[in-house]
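S.K.: with the sequence up front, the predicted model follows.
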Amino acid sequence: MGTLFAFIGRIGLSLIFILSGVGKLMNPEATNSYIASNPYLSSMGFLPMAWGIGLFELVAGVFILIGFMTRLTSLLLAGFTILAALFFHNDFGDPMQQANFLKNIAIAGGFLVLFAYGNTRSSLDSYRAARKDQADRTVVHERVVHDEALGNDPVVVTDRTTTRHD
């Protein structure tokens, strides 16, 4: 059951970023004007960057969905989500902004848990690790040899073959 729920959790965490990324790529003007309206970012000289943010959200969301580079991607998305909360949802007098801030913090918490536990069996990372473990194995063959020079007593000879594929 844990594998199923971990997969469902990855779907939930990834969907918001996949859909948001597609939205930003389909309508970059709205995203750019939203970024430019932020007094913190506009005063620091940030240029509108909807394409980059949209592409990051889309790719990172897909990576989380399929479980590829899960730990790195979840850490990046946790940081991204915390920064988004701090820059865009910091008006705590507005109940909607406060709710969005807490939602972002909760999402970041989910990504940190995903970072901590990383590969589940339903992930591409887990599949790749299992294939690597299968390729990196030692095969032991034992055989009995009768050597007259040793007094006709049987001797067990062990041959070890280690295969490693990177």
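M.R.: Everything's here; your move. Values in this document were obtained by computation on a predicted structure and should not be read as measured data.
S.K.: which residues does the biggest helix by length in the chain contact?
M.R.: Ranked by residue count and defined by DSSP state H, the top helix of the chain is helix 2-26. Outside helix 2-26, the residues that touch it by CB atoms under 8 Å, 6 or more residues apart in numbering are 31, 50-51, 53-62, 64-65, 67, 70, 77, 107, 110-111, 114, 117, 120-123. Where you see a C-beta, it was placed from the backbone N, CA and C, and this is true even at glycine.
S.K.: low-confidence regions, the chain specifically.
M.R.: 42-48, 119, 135-166 (pLDDT under 70).
S.K.: what ranges do the strands span in it?
M.R.: 137-146, 154-163 (DSSP state E).
S.K.: write the ChimeraX selection for whichever of the contacts of helix 2-26 are buried.
M.R.: A single ChimeraX command suffices to select whichever of these are buried according to 16 or more other CB atoms under 10 Å:
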select :31,50,53,54,56,57,58,60,61,64,65,67,70,77,107,110,111,114,120,122,123
